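K.L.:
Fold the following for me, if possible:
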Amino acid sequence: MPRPVWSGAISFGLVTIPIKLLPATEDRSVRFRQVHLADMGAIRNKKICELEGREVSTAEISKGYELPGGDTIQITDEELESMPLPTAKAIDIQAFVPAESIDPVRVATGYYLQADGPVAAKPYVLLRKALERSSKVAVAKMAIHGRERLGLLRVVEDAIVIHMMRWPDEIRDPAELAPPESEMDEQELEGALALMDTMSTDGLPDLHDEYRESLEKVITAKAEGKPRPEAPEKEEPAGQLVDLMAALNASVEQAKERRGEPATVHEMPKKKTAKKTAAKKTAAKKTSGGRKPRSA
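P.N.:
Predicted coordinates for the structure are as follows:
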């Protein structure tokens, strides 16, 4: 398991549960370094004082806050640690809410909560079982990484996980991004639902990072002096599907082929808009043609 990144206690009413915070995820991305093309030497970023114009050591560096007037004041680690903040060393549970009431866009990094010592085992299990039975999640406040954060506590198997959450004012309003409302044909909606049904599974499918795998093959080949792996040939598009119903129908067929199912597609309801329009025009002609001129 990874090393703890924070230690403190869960405050659950008058119940205190000593815990440690451990990362629940790991970054598996392939990382690059900046190098000098002439000799492959690593490029390093030096910390230069803009007033003295010289490189300074870590011992000479501290946190600073720039005031509105332009002056800068130093803020020490001791001052930050001694702030009168109740959540400095505590995960203070504020409320228990239904999981569906939390907008997923607010949920961020996840950490495992580990009971810290034998004394924490029983209250830890108590909280876990209470969360399971209630089918709710806990919303808490805590101070971590130099700021106070909201946290979402939920149960994963036999452990409690806390997800960092963004404050309401950190979420951008999506209203300006939403496209204008457009007329929606019922058959088109049924087609979209049919496609969703074809692509539905009982759980998250077995997905993997194809970009990372391809990049690792390129790196391995170059390190061993072998030819670069050839990129797969791209299929030429069969032509742009302008009609939405035709696109949905073709998508259902493609989804079935990927799942190894017969590619026979149930005929989706066809649009009747054109027929209705033609019928209306015919009726209009009959009506106008059947009228008798009024006598003067």
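K.L.:
What strand or helix carries Asp92?
P.N.:
Per DSSP states H and E: Asp92 is located in strand 90-98.
K.L.:
Tell me the buried residues in the following helix or strand past that strand?
P.N.:
Note on strand 90-98: by DSSP H and E, the next helix or strand toward the C-terminus is strand 107-115. Buried residues in strand 107-115, counted by 16 or more other CB atoms under 10 Å: Gly110, Tyr111, Tyr112, Leu113, Gln114, Ala115. All C-beta spots, glycine's among them, are computed from the backbone N, C-alpha and C.
K.L.:
Could you do stretch 91-107 as well?
P.N.:
So for stretch 91-107, counting by 16+ other CB under 10 Å, buried means Ile91, Asp92, Ile93, Ile102, Arg106.
K.L.:
Now render these as JSON lines, adding pLDDT and distance to Asn45.
P.N.:
Compiled in JSON lines, these are given as follows (pLDDT from 0 to 100; distance: CB to CB, whole Å):
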{"residue": "Ile91", "pLDDT": "92", "distance to Asn45": "35"}
{"residue": "Asp92", "pLDDT": "90", "distance to Asn45": "38"}
{"residue": "Ile93", "pLDDT": "93", "distance to Asn45": "41"}
{"residue": "Ile102", "pLDDT": "92", "distance to Asn45": "39"}
{"residue": "Arg106", "pLDDT": "93", "distance to Asn45": "33"}
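K.L.:
buried set for stretch 209-229?
P.N.:
Under 16+ other CB under 10 Å, stretch 209-229 has no buried positions.
K.L.:
now it, how far from the centre of its chain.
P.N.:
Chain-centre distance of stretch 209-229: 28 Å, with CA atoms, centre = their mean, to the nearest Å.
K.L.:
same thing with stretch 198-205?
P.N.:
The answer for stretch 198-205 is 19 Å, by CA atoms, centre = their mean.
K.L.:
Same list (the buried residues of stretch 91-107) but as JSON lines, adding distance to Phe32.
P.N.:
Shown next, in JSON lines, are the buried residues of stretch 91-107 (distance: CB to CB, whole Å):
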{"residue": "Ile91", "distance to Phe32": "37"}
{"residue": "Asp92", "distance to Phe32": "41"}
{"residue": "Ile93", "distance to Phe32": "42"}
{"residue": "Ile102", "distance to Phe32": "36"}
{"residue": "Arg106", "distance to Phe32": "32"}
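K.L.:
nearest to Val15, of those?
P.N.:
Ile93 (9.5 Å; CB to CB).
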